[in-house]
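S.K.: build the 3D model from these lines:
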Amino acid sequence: MMYFMRKVLFICALGLALPFGAHSQFYNYAINSLNIPCLTQKGDAILGIGWGRGLTFQALEVQGVYSPLPNLAVMANYFDARDKDVREKLDNGTDFYLWEAALGLYEKLPKGAASLFAGFGSGSLFSNYGADRIAKFKLQRWFLQPGLSYRNNHFQAGLALRLSRLGYNRGVVSYSIEPSDLEYIQNIEKSKPLFLPELGMQAGMRLNPVTINLTIASIFPDTSNWNFSRLNTALSLVVDFNTERSKKLMD
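M.R.: Numbering: from 1, shown residues only. Here you go, the predicted structure:
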């Protein structure tokens, strides 16, 4: 397990060393970090905020999980790769955001937990190519996510696979944009809905109740025909607490 964690940390460190994406770069989808919680009992609540980056984007990520009942959990995530200048057509590039919610089951393990979440996400993608040439879409994503997490007094790690069904609708496209960019959009139209296996790994240092996490998420099939941003490496600060235990301490 220690070897696995070192390997994940090394991969994440390489991802964080990637150059920041420029405003002139465009994409038609960017992967958000997979939320891989370690839940063990009713009342567990986890809230994290992080900074993600890929070759074509920078994003704020907020993730939360809560267990209202034993072995049952609800999840909510928000991915913000917004760019006000792009949205107002002052700069070229892509503006993108996605929110999602999920319901899941989990089982405590001797040193961690296993979980299975099913959920729905919705977002908006807007690309400004200049000279009043734009492409904008509404996105919907249904997903199923099995995952495993490990935790001891000092370290935490997780691995999850997200099986996503990605749909595009209510699109507006300027057909005067560059032929290569237009071809990506036409390929999406021909292939939708799209089915994407997405892999997430994380490793972190625990300073109870805070964990500093490094996370890497990747779409592992080739998506070059659609111009997707396949890699996201994120650094996050996660607070892990139990609301039921806190209530008892206050009584």
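S.K.: which parts of the helix or strand residue 62 falls within are buried?
M.R.: Residue 62 belongs to strand 58-69 when elements are defined using DSSP states H and E. Buried residues in strand 58-69, counted by 16 or more other Cβ atoms under 10 Å: 59, 61, 63-67. The way it works is simple: take the backbone N, C-alpha and C, and place the C-beta from them, glycine included.
S.K.: and the contacts of it?
M.R.: The contact list for strand 58-69 (Cβ atoms under 8 Å, 6 or more residues apart in numbering) reads 20-21, 30, 32-33, 35, 37, 39, 41-53, 73-81, 106, 232, 234, 236, 238, 243.
S.K.: sort out which of those residues are buried, if you could.
M.R.: The neighbour-count criterion (16+ other Cβ under 10 Å) marks 21, 30, 32-33, 35, 37, 39, 42-46, 48, 50, 52-53, 73-81, 106, 232, 234, 236, 238 among the contacts of strand 58-69 as buried.
S.K.: which residues of the stretch 101-250 of the chain fall in helices?
M.R.: For the stretch 101-250 of the chain, the helices identified by DSSP state H, counting those that start in this stretch occupy 179-191, 243-250, in order along the chain.
S.K.: helices and strands around the longest one, which ones?
M.R.: Same thing as helix 179-191. Using 3 or more Cβ pairs under 8 Å, 6 or more residues apart in numbering; DSSP states H and E as the contact criterion, the elements in contact with helix 179-191 are strand 155-173.
S.K.: make it 10 Å
M.R.: Secondary structure elements in contact with helix 179-191, counted by 3 or more Cβ pairs under 10 Å, 6 or more residues apart in numbering; DSSP states H and E, are strand 112-130, strand 133-151, strand 155-173.
S.K.: thinking again about what came up before, so after the strand holding residue 62, what's the next helix or strand?
M.R.: Proceeding N to C from strand 58-69, the next assigned helix or strand is strand 72-81, under DSSP H and E.
S.K.: list the buried ones in the following helix or strand past that following strand?
M.R.: Counting by DSSP H and E, the element after strand 72-81 in chain order, helix or strand, is helix 84-87. Buried residues in helix 84-87, counting neighbours by 16+ other Cβ under 10 Å, are found at 86-87.
S.K.: now helix 84-87: mean pLDDT?
M.R.: In this model, helix 84-87 carries a mean pLDDT of 91.
S.K.: mind showing which ranges of the stretch 101-250 of the chain have poor pLDDT?
M.R.: When the per-residue scores of the stretch 101-250 of the chain are filtered using pLDDT under 70, the ranges that remain are 243-250.
S.K.: could you redo the last one with a cut-off of 80?
M.R.: Scanning the stretch 101-250 of the chain with the threshold set as pLDDT under 80 gives 170, 242-250.
S.K.: narrow the contacts of strand 58-69 to those in strands?
M.R.: Residues of the contacts of strand 58-69 located in strands (DSSP state E): 44-53, 73-81, 106, 232, 234, 236, 238.
S.K.: who touches the spatially most central residue of the chain in this structure?
M.R.: Ranked by distance to the mean C-alpha position of the chain (Cα atoms, centre = their mean), the top residue is residue 32 at 2.0 Å. Applying Cβ atoms under 10 Å, 6 or more residues apart in numbering to residue 32 gives the contacts 52, 59, 61, 63, 77-81, 96-100, 121, 123, 141, 162, 198, 200, 217, 232, 234.
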